[in-house]
Structure formats: C-alpha cells, structure tokens
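Visitor: the sequence and its predicted three-dimensional model are supplied below.
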Amino acid sequence: MNHSTLEPSPWIVRWSHLLAPGASVLDVACGSGRHMRWFAERGHPTTGVDRSPEAVASAAPFGQTVLADIESGPWPFAGQGFGGVIVTNYLWRPRMADIVAAVAAGGVLLYETFAAGNETVGKPSRPDFLLQPGELLAACAGLRVVAYEDGFLAAPDRFVQRVAAVRPPDSCASTPSRHPLQPR
C-alpha cells in the first residue's frame, strides 16, 4: 500500500457516514493527511498527529496538525474528545486506551491495521506491529461495534483487522441509536 498517496482507505470511506455532520476528527499517525483531507472535504474540522515533520507539513493544508512522538512522549489530547478518531496502518498498544478514550460520546472510532498472519506476506512482520485475533474488538470494550473484520485482503496481500465502533451518547434515549450500515 502506498501511504504517500492521498487516496483514503476504502474502510474509512465506507464507514465515514457514521460521523455526525461537522464532527471533529482526530487522525492518529496521520502521515500525509489522506484521511484528514477526506473528512475536511466533507466539512469536518480535522486534527492530525504524527512524529514526522515531513508528514505533518504534508497534512497541514487539511487541518490542524500536531508534531508529537506519541510512543515516547505524552498523549497530546488528554481530556479531549473527538467526534471521529481515525487510525490506519498504525499500532502502539500502550496508546490504545488513549486512542479509544479520545472518542467523544456519540463519536466514532474507525480503526484499520495489520494483523497476525501478515508476517507470511510481507511487512510489517514483527508481532509488535500485528494485532492478535480479537485484539481490536477487546480494545473497543465499552463502544458499540457496528462493523468488524479480521482477515486477508489481496492486492496488495495483507492481513488486517478493522473496526467501526460508536461510543454511546451520554443521554439515555428511549429509542436505540441507529447506526446505518450504509450511507443514506
């Protein structure tokens, strides 16, 4: 997968309709800002974080950017909530709880990254960077999982886990929240 392009992940595109109109978006390990661009073009204020100065410079036209090494430094969004939190092709287990906590009430987590098995087809191949079976689901405890996949994708060959999950709203509505499986 060429991460230098600005084409958003099909998983992110597929489930982006779950975000409320105008909801703020946090793109974790944003790279060149392909997902920031996708959401900014749809009227969402975006924030991206990455440890690469080049990546942050590339993503800057699409919203606010934060240069931070979230693996060895503090989480720059402590106490903040976002209407959408986007993560693709990134895994740092010690930050998983912070990432999930950044999803505001009624907000959406869209997460897609490499899974165990990927070591048989290419990089990443270190277990540190590969989700174990069910690991992403376990990280989403407390969120309502709308969609989840764990399997193999071809062209390019890779093993992935991906989830679309919603944090329940603070209010206790008498009718259940509706999370459409397709855009309206």
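Guide: Thanks, I have it. Residues are numbered from 1 along each chain as shown.

Visitor: and the strand or helix carrying V13, what other elements does it pack with?
Guide: Using DSSP states H and E, V13 sits within helix 10-15. If you count contacts as 3 or more CB pairs under 8 Å, 6 or more residues apart in numbering; DSSP states H and E, helix 10-15 packs onto helix 34-40, strand 82-88, strand 103-114, strand 144-153, strand 158-166. No exception for glycine: its C-beta is placed from N, CA and C like everyone else's.

Visitor: out of those, which is closest to G63?
Guide: Closest approach to G63 among the helices and strands packed on helix 10-15 (CB to CB): helix 34-40, 5.1 Å.

Visitor: winner for burial among the helices and strands packed on helix 10-15?
Guide: strand 82-88 (a mean of 25; mean count of other CB atoms under 10 Å).

Visitor: strands paired with that one, and their directions?
Guide: Counting by DSSP bridges, the strands paired with strand 82-88 are strand 25-28 (parallel), strand 103-114 (parallel).

Visitor: got the buried residues for the next helix or strand after that strand?
Guide: Following strand 82-88 in sequence order, the next helix or strand is helix 96-101 (DSSP H and E). Neighbour-count burial for helix 96-101 flags M96, D98, I99, V100, A101 (criterion: 16 or more other CB atoms under 10 Å).

Visitor: what average pLDDT does helix 96-101 get?
Guide: Averaging pLDDT along helix 96-101 gives 97.

Visitor: and what of stretch 43-54?
Guide: Rounded mean pLDDT across stretch 43-54 is 98.
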